[in-house]
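Participant: Have a look at this prediction, sequence included:
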Amino acid sequence: MEFPESILQERGLWNHIDFDMCMYGCDYKKSTRLMVVQRYGNEPVLAGLGLSCDGSHDHVSLSGWGDKSKPKRPTKGTAAYPEALARDWANFAKIYLQKYALQ
């Protein structure tokens with residue numbers, strides 16, 4: 001049996017949204033990709049989340065383990081999505097629901 005995502009991709013029903021976490025208030029860049037439904041109606045779903053770094057700020061490095069006296073994992077706190085991304089995600093979902101599903 002074929003993996004479901006490949007079937008969806010083959011039929012043009014899903015797409016990727018790429019964004020950088022720094023555009024949602026993080027001090028690190030962390031490029032991220034989401035698999036999302038391609039379209040509902042004639043518009044790409046969640047396309048507005050696709051914000052790439054605009055280069056207007058510096059980023060904290062997530063590489064390395066710190067010095068030997070104080071080892072730390074710089075990526076440990078980056079697993080959760082930032083609040084601004086969650087808020088925008090919910091707002092885009094609300095717009096699409098109001099526009100298409102709740103008519």
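Facilitator: Arrived safely.

Participant: buried ones in the longest helix seen in the chain?
Facilitator: Assignment by DSSP state H gives helix 83-96 as the longest helix of the chain. By neighbour count with 16 or more other C-beta atoms under 10 Å, helix 83-96 contains the buried residues 85, 88, 89, 92, 96. Backbone N, C-alpha and C define where each C-beta goes, glycine included.

Participant: what is the mean pLDDT for it?
Facilitator: Per-residue pLDDT over helix 83-96 has a mean of 90.

Participant: ditto for stretch 22-38
Facilitator: 89.

Participant: Would you mind writing the CA trace of that stretch as PDB?
Facilitator: What follows is stretch 22-38 as a C-alpha-only set of coordinates in PDB (Å, rounded to 0.1, in the frame of the first residue of the first chain):
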ATOM      1  CA  CYS A  22      12.500  34.400  13.600                       C
ATOM      2  CA  MET A  23       9.600  35.900  11.800                       C
ATOM      3  CA  TYR A  24       7.300  34.700  14.600                       C
ATOM      4  CA  GLY A  25       9.300  36.300  17.400                       C
ATOM      5  CA  CYS A  26      12.100  33.800  18.100                       C
ATOM      6  CA  ASP A  27      15.700  35.000  18.400                       C
ATOM      7  CA  TYR A  28      16.800  32.000  16.200                       C
ATOM      8  CA  LYS A  29      16.100  31.400  12.500                       C
ATOM      9  CA  LYS A  30      15.200  27.700  12.500                       C
ATOM     10  CA  SER A  31      13.700  27.100   9.100                       C
ATOM     11  CA  THR A  32      10.600  24.900   9.300                       C
ATOM     12  CA  ARG A  33       8.400  23.000   6.900                       C
ATOM     13  CA  LEU A  34       4.800  22.000   7.400                       C
ATOM     14  CA  MET A  35       2.800  19.600   5.200                       C
ATOM     15  CA  VAL A  36      -0.600  21.200   4.600                       C
ATOM     16  CA  VAL A  37      -3.700  20.800   2.500                       C
ATOM     17  CA  GLN A  38      -2.900  22.400  -0.900                       C
END
